[in-house]
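Colleague: The following block contains a protein sequence and its predicted model.
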2 protein chains.
Amino acid sequence: MLNNRGYLSEKTIKKVHDAMESLNYQPNAVARQLYKKETKLVGLIFPTVDNPFFGQLVAELEKRLFDAGFKVLIGNSMNDPEKEETYLKELISNQVDGLIVGAQNKDISEYHTSNLPVVAIDRVMNEDIPVIASDNYMGGKLATELLINSGAKHIISTHGPINLKTPANRRVEAYADVMASYNLVPHTYIVDFSWDFEKKRQAIEAMFSKYPEMDGIFATNDMDAALVWQTATKLGYNIPDDLKIVGYDGSNITRVLLPELTTIVQPVELMAERAVTTLISRIKGDDTPLEQIIPVKVWRGESV
Amino acid sequence: MLNNRGYLSEKTIKKVHDAMESLNYQPNAVARQLYKKETKLVGLIFPTVDNPFFGQLVAELEKRLFDAGFKVLIGNSMNDPEKEETYLKELISNQVDGLIVGAQNKDISEYHTSNLPVVAIDRVMNEDIPVIASDNYMGGKLATELLINSGAKHIISTHGPINLKTPANRRVEAYADVMASYNLVPHTYIVDFSWDFEKKRQAIEAMFSKYPEMDGIFATNDMDAALVWQTATKLGYNIPDDLKIVGYDGSNITRVLLPELTTIVQPVELMAERAVTTLISRIKGDDTPLEQIIPVKVWRGESV
DNA sequence: GTGAAAGCGCTAACAT
DNA sequence: ATGTTAGCGCTTTCAC
């Protein structure tokens, strides 16, 4: 009818608008999408939104995408490669204009074969997919130095599965480098992100028996750090006197619920901002940097 | 070509499948949606996913919707009625098959006028929209009794804006009833969900000066309870000796990051499950109960 | 300046 | 049993 061409009497305009309201008309976005081959939809694939870090990240992404006129289709991969693949296929099938991925799974070929604009957060995908990450190496370095400078000598670093290609591995590299430079022996211990809390607790208890002389822990995320803290307290350790703990992530929720935890803060807002602008550039067809490293900060609690 | 009709030689089938793979073919869901007038999309409108309770709730909803064959379009309303309205319109325009709403805003007419299947969580919308809620009255009762039985007399109950029609108001009702039955004077204090942490902190500090004799607090959510705890500690209170605190929500994250907080646990999984099955019934056109109240549990920490 | 028609990719009904 | 066509609701192009 009228939407685009600019003539028409006011009376007609009003009439049509009234009709639109009374008939409760909403333009059918699906039909427009089909014709335009543009959905203004962005897919988000992350492990789960039930986590302080990913929850905040997704919230920040969603906010910025909304402001840029995109709606968000969400897929929680739950660390399940199959679910991730299903999501990916369905999102592609849904003709999303782009994808922001932070899931922690192994390689999935669809990311490579489809020529959909994709941005990865804290995950290496392939050569032409841009990655946004916090300065993991610096974070690992700061954390380890924090522990060493406050007197810890037997420091363990927890981390996810090593076969996963993620920039987060650089945290452990930095830890090992710093330990070596102080002539200390590095020890790493696996606490898989996908385990449930019970399994994590067991693994952490096992860590305490395996390393009885342990006096410092660099946990690769704050939830793990909290579990370590609780286990330590239960075993009679005093924090930070007997055991010093540094976490990683420093999301909003952690800083309110457990401000006592010293942790490395990932600049979530900035990462989200960069991810969105990078994705939009890609959608437009512009070139973007392939790697963007965002500086971290230290949150000083009382656990170190 | 072939997808539906069941004859064809195996060779042809293989050939087509190969072609599909080599051409990287994915059926266009948008076209199918246009024809079928069914998108297999469900919209979720919640304040924000950057919150332990809503994060977990959205994750649980998403999981169950995925299993039922639906994808999820998410909208974080951020307690902004305008944003909620925009989302609602866009989701309707996107032809979602249904909506699950837990946003905390005032009435929005579109919910009534469109005849889209809608389910509300912890929010009263209108007469024919089914509501899923935890047993807020029982939760308020349990919380208040917990505080009274451990010796508190001057108990304050924090809550959101009163003009909001939400079943959560029943927590305060129960609090008032229990207080009255013990001949204690009820006091309520507003801590708006939409305030940022800084503003909340200020409000809570003001509460401490307003009620110097306060020895018990029933906070309407765990984040607020944590802020109360911190403020109390800063002011020299000893928890639970000088001040007893009970929260509300008891989500996964809170129970890991702050297990010491005694709180009323909302059965998030069950609520999500009910919301999804109810929505699917509505989509099918079946009748559903208009109100489903799910029992709460007590998480015993050390704050009471 | 305004009306008519084609086509986005799919599915279902209709011919062959 | 297989090929053909109409149409979902929109936008754009092309006539008038």
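Modeller: Nice, thanks for sending it over.
Colleague: For chain A, give me the ranges with low pLDDT.
Modeller: Scanning chain A for pLDDT under 70 picks out A:1-16, A:105-106.
Colleague: where exactly do the helices run in it?
Modeller: A:10-22, A:29-36, A:52-67, A:81-93, A:110-113, A:136-149, A:169-181, A:197-210, A:222-234, A:252-257, A:268-284 (DSSP state H).
Colleague: does the second one come close to DNA strand C?
Modeller: Yes. Looking at helix A:29-36 against DNA strand C by Cβ under 7 Å from any atom of the strand, the contacts come from A:31, A:34, A:35. All C-beta atoms are positioned from the backbone trio N, CA, C, and that covers glycine.
Colleague: in that helix, what's buried?
Modeller: Of the residues in helix A:29-36, those buried by neighbour count under the rule 16 or more other Cβ atoms under 10 Å in any protein chain shown are A:29, A:30, A:33, A:34.
Colleague: Kindly identify which of the residues of helix A:29-36 next to DNA strand C also come near chain B.
Modeller: A:31, A:34 (Cβ under 8 Å from any Cβ of the partner chain).
Colleague: Name the nearest of the residues of helix A:29-36 next to DNA strand C relative to residue A:73.
Modeller: Residue A:73 lies nearest to residue A:34 out of the residues of helix A:29-36 next to DNA strand C, by Cβ to Cβ, at 16.7 Å.
Colleague: distance of residue A:88 from residue A:82?
Modeller: Distance of residue A:88 to residue A:82, computed by Cβ to Cβ, to the nearest Å: 11 Å.
Colleague: Of these two, which one has the most company?
Modeller: Remark: of residue A:88 and residue A:82, residue A:88 carries more neighbours, 26 against 11, as counted by other Cβ atoms under 10 Å in any protein chain shown.
Colleague: closest to DNA strand D among the residues of helix A:29-36 next to DNA strand C?
Modeller: Lowest distance from DNA strand D to those (Cβ to the nearest atom of the strand) belongs to residue A:31, with 3.2 Å.
Colleague: show me the contacts for that closest one.
Modeller: By Cβ atoms under 8 Å, 6 or more residues apart in numbering or on different chains, residue A:31 lies in contact with residue B:34.
Colleague: Which residue is the nearest non-sequential neighbour of the residue most central in space within chain A?
Modeller: With distances taken as Cα atoms, centre = their mean, residue A:54 lies nearest the centre of chain A, 4.8 Å away. Once flanking residues are discounted, residue A:54 sits nearest to residue A:46: 5.0 Å by Cβ to Cβ, 6 or more residues apart in numbering or on different chains.
Colleague: beta partners of that neighbour?
Modeller: Note on residue A:46: beta-bridge partners by DSSP bridges are residue A:76.
Colleague: Run a quick neighbour tally on it.
Modeller: Here the number of neighbours of residue A:46 (other Cβ under 10 Å) works out to 24.
Colleague: which residues touch residue A:44?
Modeller: Taking Cβ under 8 Å, 6+ apart, we find residue A:44 in contact with A:58, A:61, A:62, A:72, A:73, A:74, A:75, A:99, A:100, A:101.
Colleague: got the contact list for residue A:274?
Modeller: Contact analysis of residue A:274 by Cβ under 8 Å, 6+ apart lists A:132, A:292, A:294.
Colleague: cool, residue A:243 as well?
Modeller: By Cβ under 8 Å, 6+ apart, the residues touching residue A:243 are A:214, A:215, A:216, A:217, A:232, A:237.
Colleague: and which of these is nearest to residue B:191?
Modeller: Nearest to residue B:191 among the contacts of residue A:243: residue A:232, at 32.6 Å, using Cβ to Cβ.
Colleague: I'd like to know how far the closest one sits from residue A:217.
Modeller: Counting by Cβ to Cβ, the gap from residue A:232 to residue A:217 is 8 Å.
Colleague: what residues are shared contacts of the two?
Modeller: Each of A:243, A:245 lies in contact with both residue A:232 and residue A:217 under the rule Cβ under 8 Å, 6+ apart.
Colleague: how far away is residue A:103 from DNA strand D?
Modeller: According to Cβ to the nearest atom of the strand, to the nearest Å, residue A:103 stands 33 Å off from DNA strand D.
Colleague: same thing with residue A:44?
Modeller: Shown here: residue A:44 relative to DNA strand D, a distance of 25 Å by Cβ to the nearest atom of the strand.
Colleague: what's around residue A:229, how many residues?
Modeller: If you count neighbours by other Cβ under 10 Å, residue A:229 ends up with 23.
Colleague: er, residue A:285 actually
Modeller: Residues lying near residue A:285 (other Cβ under 10 Å) number 7.
Colleague: Tell me how far it lies from residue A:110.
Modeller: Residue A:285 is 21 Å from residue A:110, by Cβ to Cβ.
Colleague: returning to what we had before: and the residue nearest to residue A:54, what is it in contact with?
Modeller: Residue A:46 makes contact with A:54, A:57, A:58, A:74, A:75, A:76, A:77, A:101, A:102, A:103 under the criterion Cβ under 8 Å, 6+ apart.
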